[in-house]
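**Student:** fold the following and give me the result.
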Amino acid sequence: MTAISWLTGTTSSWATPAAWSTGTVPGASDDVTIAVAPKYVDTTYTVQVTSAESARSILLDQAAATLAVENAALTVSGNFVDTAGTLSLQNGSLQGGTYSGAQSTVNVSGSNSIDATWDGALNLVNTLDLGDGGNVSLGELVMHGANGTGIGTLTVGSQVTVNFNASGNKGTIANTSVFFTAGSDLFDSGALTVAGSATLSATGSVRLVSSGSTFINQGTIGVSNGGSLIIEAASVSNSGLISIGADNLLTIEATDSGSAGFSNTGSIAVAGGMLDLVFPLTTAQLANYSVSNGTLGLGGTLSNAGATLTTNADLANLVLDGATVNGGTIINSGHVSFGTQTALRPVYDVGTLSSVTFDGPLDLSTFDTLTVTGGLT
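**Tutor:** Reported below is the predicted structural model:
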């Protein structure tokens, strides 16, 4: 184990022996410090990692310095402490270790991979091609608050795509508050789990996609400030809390056939917003909902045979958005209308009632087409 410091105070490659205090390039067992002042007043410098490099630990402690990982991988087995300076990733990979320090911004551009434990806030900011949609790949993301305690924060900027490709074909977000802004996307090639210690918040148009697999929420998902969140997966399981504020929209698209595509043993609270369920489900699966002055939209088939669906204070407004209700009884208590148009979903095209007993007023003023099969009682 050797302590090695950046020597020159000018921009150079990490792989340049003369730039280091020992005259040698650091290796996997070495402790690296980048803290030297710039050689010239009021200037900055960059330590460029352009080939695979490694260190046991890194201390970045110079506001004028940037550690830039470009088209290469930097592996740290121990601590990466960033008390001053900037970490920049451009088609780079940061592997292992624990990131901590006062700095909270990691500049990213291109396609990057980050698989590390983050101690403190992490902001993903694409400073070069933000509008063109830079992307970052993550493994299992575990974060902590300042000084290693509490919940860490991940802020995903506009038009940034986050891909989870952890080993075992699954991704996990734990101990983290994730804030998505307009145009953000999160993708996972396998099962994606939001652990009980995590919170996801959407304030713009956001997609969470677990392609061909399962999206599991054990934590808290919130949609607010005019947000529109789409969760798309083969199946969706919620054992935590999903909260939708006024004038906000959450759409869940479970592509597995049948009602097995969706499981809700947690709670879903809609306060003035809208929850749109676009998949087949049963009336029993509509349990654990609290819809206060909000709307529940159905875009698939609702199996209601032998059951009763009641619109009441917890199900304030029910909308058929291309859905079919099969069998059973629908009881409309009269304080709401069935199929009312809302600002979140201004047009509803087609709904079907098949062998349904309907008790209460039926308002069809916002339907282009309502199909009745098997009679309507």
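**Student:** not including adjacent chain positions, what is the nearest residue to residue 302?
**Tutor:** Spatially, and ignoring its direct neighbours in sequence, residue 302 is nearest to residue 325 (4.7 Å; CB to CB, 6 or more residues apart in numbering). For the C-beta atoms, the positions are set from N, CA and C on the backbone; glycine is no exception.
**Student:** phi and psi next, for residue 281.
**Tutor:** When read as degrees, to the nearest 10, the backbone of residue 281 gives phi -160, psi 170.
**Student:** with residue 285 instead?
**Tutor:** phi -80, psi -10.
**Student:** thought residue 262 was touching it, still the case?
**Tutor:** Yes - counting by CB atoms under 8 Å, residue 285 touches residue 262, with 6.1 Å between them.
**Student:** out of the two, which sits in the busier spot?
**Tutor:** residue 262 (22 against 19; other CB atoms under 10 Å).
**Student:** okay, and the beta partners of the more buried one?
**Tutor:** residue 236 (DSSP bridges).
**Student:** can you list the domains in this structure?
**Tutor:** 1-103, 104-276, 280-377 (automatic domain parsing).
**Student:** turn those domains into JSON lines, including mean pLDDT.
**Tutor:** As requested, the domains of the chain are exported to JSON lines (pLDDT from 0 to 100):
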{"stretch": "domain 1-103", "mean pLDDT": "91"}
{"stretch": "domain 104-276", "mean pLDDT": "75"}
{"stretch": "domain 280-377", "mean pLDDT": "73"}
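**Student:** now, of the ones you listed, which is deepest in the fold?
**Tutor:** Highest mean neighbour count of those: domain 104-276, a mean of 20 (counted as mean count of other CB atoms under 10 Å).
**Student:** ok now that one, how far from the chain's centre?
**Tutor:** Put simply, domain 104-276 sits 1 Å off its chain's centre (CA atoms, centre = their mean, to the nearest Å).
**Student:** residue 177 and residue 199 touch, don't they?
**Tutor:** Yes - if you go by CB under 8 Å, residue 177 and residue 199 touch, sitting 4.6 Å apart.
**Student:** how near is residue 24 to residue 186?
**Tutor:** From residue 24 across to residue 186, the span is 41 Å (CB to CB, to the nearest Å).
**Student:** before we move on, what about residue 229?
**Tutor:** On the measure of CB to CB, residue 229 and residue 186 end up 10 Å apart.
**Student:** common neighbours of these two, please.
**Tutor:** Shared contacts of residue 229 and residue 186 (CB atoms under 8 Å, 6 or more residues apart in numbering): 180, 206, 207, 208.
**Student:** and those residues, which of them are in strands?
**Tutor:** Secondary structure from DSSP state E places 180, 206, 207, 208 of the shared contacts of residue 229 and residue 186 in strands.
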